[in-house]
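1. sequence plus the predicted model coming up.
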Amino acid sequence: MIMKAVLSNKAHPEYGQATVSFPIPDNEYDHTIELLAKMIVGSPNTSDCRVDSLNSKYPVLNRLTAQNVNVDELNYLAKRLDSFCQGEDVQFEAMASRLCLSDIKDFINLTFCCQQATVITDFSNLERLGKEHSLTVNGGSMPSDEYDKVDGRAVALDLIQSGAGVVTPYGVVYDNGMKLEQIYKGWYFPAYLHRPPQLMVQINSGPHGETSGFLYLPCPHKQISRTLERAGGGTEGFQMKIVMDELPPQVSAVVNLTCDGLDDLNELCRVIEPLDTEQRKKLGAVMLLAQPKYASEVRQLAENLDQFAFVPKSDSPEADCALTELGYVAYHGSLTLEELMADDPAEQYRQEMGGWLDGYLPFQRRARS
């Protein structure tokens, strides 16, 4: 958790308050949005959540207190800060103080460039200080031989004597010519992988197909509609394309943004995400056997992998196995493969058995969050 904010409706304080932890965990996102909606706040496009109080590991963010903010902007900022490496937190706070920032859009944009600044919190080791400054002004990396040749003490003394440092509560900061560029313009959030997705979908809209948003699947259900609303398709609608794909190759061959809805793809990614390497290989073999055509059918197969036996090619085959390019696979379920891939194979099974098996499932389905 990066921060915990107490939010309210400034125009209607009688609607109460909501305490929200940021970044909002995926399994709490939909509930949080519903909770805010009851207070008539939490719009995807409006800064309508008043920050009554904020508890954060970044004290400089207390400047947001008493402001109205957009809940998704606050969530995106927390995700950016959550991935900071050691030292970046000090660079962020020192530059925010140096630039007197208090607007959430500026805070977001600062996360993209604060790494260019040098912050001195300890003057006791000038050699280390100078070498770290050299790394910073070289984009955070240098060839090892060049790094070893740096006279850290001399570099540090030149820096300190330059008079360019500004004293802040977080240390003496040197901006090194950093400019606060408007990477986030208040419309869609720049592409950013807070955690590796199964699918990353780029959304384009408008008459010229400009980039207007990104989806990282699997994601909370409400995040899909909110991202599309924030993207704003207008009369031209949306065009979407997959720009990152971590699904098993056999699954990727079936996935189609034209034929499969975003909700179906999202649920498919949710089911596949926890599968380990061996389970993913098994799913690939099952797909070669079953030949599914849609994401919903692949999801059913992934949810019911325990109905199949799989032997990699390198192992000895069992009887009654079909040979695929990945190995031998056998289906032991009581439904046909076509029935198994239906939207609700358990219900179909009960109907075919005349209803006397109500309450009994021929296979155990994994619950979806």
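-> Sure, I can see it. Residues are numbered from 1 along each chain as shown.

2. strands of the stretch 1-150 of the chain, residue ranges please.
-> Here the stretch 1-150 of the chain has its strands, by DSSP state E, counting those that start in this stretch, at 3-8, 17-22, 49-56, 68-69, 118-120.

3. tell me the contacts of the closest residue to residue 97 other than its chain neighbours?
-> Ranked by CB to CB, 6 or more residues apart in numbering and with sequence neighbours excluded, the top spatial neighbour of residue 97 is residue 168, at 4.0 Å. Where C-beta positions appear, they are placed from N, C-alpha and C, glycine not excepted. By CB atoms under 8 Å, 6 or more residues apart in numbering, residue 168 lies in contact with 93, 94, 97, 98.

4. return the closest of the residues you listed with respect to residue 76.
-> residue 93 (18.2 Å; CB to CB).

5. helix/strand/coil for the closest residue to residue 106 other than its chain neighbours?
-> Leaving aside its sequence neighbours, residue 106 sits nearest to residue 180 (CB to CB, 6+ apart; 6.7 Å). On the three-state scheme (DSSP: H, G, I helix; E, B strand; the rest coil), residue 180 is labelled coil.

6. tally up the residues packed near residue 180, please.
-> Counted by other CB atoms under 10 Å, the residues lying close to residue 180 total 15.

7. pretty sure it sits against residue 114.
-> No: counting by CB atoms under 8 Å, residue 180 sits too far from residue 114 to count as a contact (9.2 Å).

8. does the residue lying closest to residue 311 once chain neighbours are set aside fall in a helix, a strand, or a coil region?
-> With CB to CB, 6+ apart as the criterion, residue 311 has its nearest non-adjacent residue at 4.3 Å, and that residue is residue 328. Three-state call for residue 328 (three-state DSSP): strand.

9. for residue 328, name its beta-bridge partners.
-> On the basis of DSSP bridges, residue 328 is bridged to residue 311, residue 323.

10. I'd like to know how far it sits from residue 289.
-> Using CB to CB, to the nearest Å, residue 328 is found at 10 Å from residue 289.

11. can you check residue 295 too?
-> Residue 295 sits at a distance of 18 Å from residue 289 (criterion: CB to CB).

12. counting neighbours, go ahead and name the busier of the two.
-> Here residue 295 and residue 289 are compared on neighbour count by other CB under 10 Å; more neighbours surround residue 295, at 24 against 21.

13. that one reaches residue 254, doesn't it?
-> Yes: the criterion here is CB under 8 Å, and residue 295 meets it with residue 254 at 7.0 Å.

14. in the protein, which spans are helices?
-> Remark: helices assigned in the chain by DSSP state H are 26-38, 71-82, 88-98, 104-110, 126-137, 144-149, 152-161, 221-231, 249-252, 262-272, 277-290, 295-303, 337-340, 345-352.

15. may I have the fourth one as CSV, with CA atoms only?
-> This points to helix 104-110. In CSV, the C-alpha atoms belonging to helix 104-110 read as follows (Å, rounded to 0.1, in the frame of the first residue of the first chain):
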residue,chain,number,x,y,z
ILE,A,104,-2.2,15.3,-9.0
LYS,A,105,-1.5,15.5,-12.8
ASP,A,106,1.9,17.1,-12.0
PHE,A,107,2.6,14.4,-9.5
ILE,A,108,1.9,11.8,-12.1
ASN,A,109,4.2,13.5,-14.7
LEU,A,110,6.9,13.8,-12.1
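
16. make 29 the starting number, not 1.
-> Let's use 29 as the start, then, which means that last one is helix 132-138.

17. and that helix, how far out from the chain middle?
-> Centroid displacement of helix 132-138 relative to its chain, using CA atoms, centre = their mean, to the nearest Å, is 18 Å.

18. return the set of buried residues in that helix.
-> 132, 133, 135, 136, 137, 138 (16 or more other CB atoms under 10 Å).

19. stretch 36-46 now?
-> Buried residues in stretch 36-46 (16+ other CB under 10 Å): 36, 37, 46.

20. from residue 224, how far out is residue 213?
-> 26 Å.

21. for residue 42, same thing?
-> 43 Å.

22. next one: residue 333
-> Counting by CB to CB - residue 333 and residue 224 are separated by 22 Å.

23. low-scoring pLDDT stretches of the stretch 179-328 of the chain, where are they?
-> 261-264 (pLDDT under 70).

24. reformat the buried residues of stretch 36-46 as CSV; add distance to residue 172 and pLDDT.
-> Shown next, in CSV, are the buried residues of stretch 36-46 (distance: CB to CB, whole Å; pLDDT from 0 to 100):
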residue, distance to residue 172, pLDDT
36, 53, 98
37, 56, 98
46, 50, 97
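
25. in TSV: those residues, plus distance to residue 200.
-> Below are the buried residues of stretch 36-46 laid out as TSV (distance: CB to CB, whole Å):
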residue	distance to residue 200
36	38
37	41
46	39
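
26. what about residue 257, neighbour count?
-> Using other CB under 10 Å as the criterion, the residues surrounding residue 257 number 13.
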